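K.L.:
Have a look at this fold, sequence not included:
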């Protein structure tokens, strides 16, 4: 079986949309106030915007995106520029998984719950 480029693009878009819905549900479960009053399309659009921000740091998997959004919600916009996060996110020697684990360890060490 062979898929055309167009078919692959459609499949990729559907997978991304499904991922955005899963991440939105995860965020909604942890922070119900974030999406209060928003419909599914608005929730997914918000997740998509965060997906683009996270991708700049190599964080593309849904689980990495969920963690990135949680950190954004906990520490506010621009958390990625703070001294505890910036060097980790900018470190090209770290895998995306290592970046998330390191950030989560730093949050726990500071008394937070990622």
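P.N.:
Received the coordinates, thanks. None of these values were measured; they are calculated from a predicted model. Residues are numbered from 1 along each chain as shown.
K.L.:
Can you pull out the residues in contact with stretch 77-97?
P.N.:
By CB atoms under 8 Å, 6 or more residues apart in numbering, the residues outside stretch 77-97 that reach it are 53, 57-61, 64, 71-72, 75, 99, 102-103, 106, 110. No exception for glycine: its C-beta is placed from N, CA and C like everyone else's.
K.L.:
hey, where'd the helices end up in this structure?
P.N.:
Here the chain has its helices, by DSSP state H, at 5-30, 40-55, 62-75, 86-90, 96-109.
K.L.:
Make TSV from the ones you listed and add mean pLDDT and mean neighbour count to it.
P.N.:
Output for the helices of the chain, formatted as TSV (pLDDT from 0 to 100; neighbours: other CB atoms under 10 Å):
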stretch	mean pLDDT	mean neighbour count
helix 5-30	90	14
helix 40-55	94	16
helix 62-75	94	20
helix 86-90	97	16
helix 96-109	95	16
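K.L.:
Got phi/psi on residue 35?
P.N.:
Dihedral pair for residue 35: phi -110, psi 10, per degrees, to the nearest 10.
K.L.:
and if you look at the one 3 residues further on?
P.N.:
According to degrees, to the nearest 10, the main-chain angles of residue 38 amount to phi -100, psi 140.
K.L.:
burial count for it?
P.N.:
14 (other CB atoms under 10 Å).
K.L.:
returning to what we had before: max pairwise distance over the contacts of stretch 77-97: which two?
P.N.:
60 and 110 (26.2 Å; CB to CB).
K.L.:
what's the pLDDT at residue 114?
P.N.:
Residue 114 carries a pLDDT value of 68.
K.L.:
What are the neighbouring residues in contact with the residue nearest in space to the middle of the chain?
P.N.:
Geometric centre of the chain, nearest residue: residue 65, 1.7 Å, by CA atoms, centre = their mean. For residue 65, the contact set (CB under 8 Å, 6+ apart) comprises 19, 23, 47, 50, 51, 54, 59.
K.L.:
Look up the closest residue to the fifth one, ignoring the ones flanking it.
P.N.:
Nearest-residue entry for residue 51: residue 65, 5.5 Å, with adjacent residues in sequence omitted and distances by CB to CB, 6 or more residues apart in numbering.
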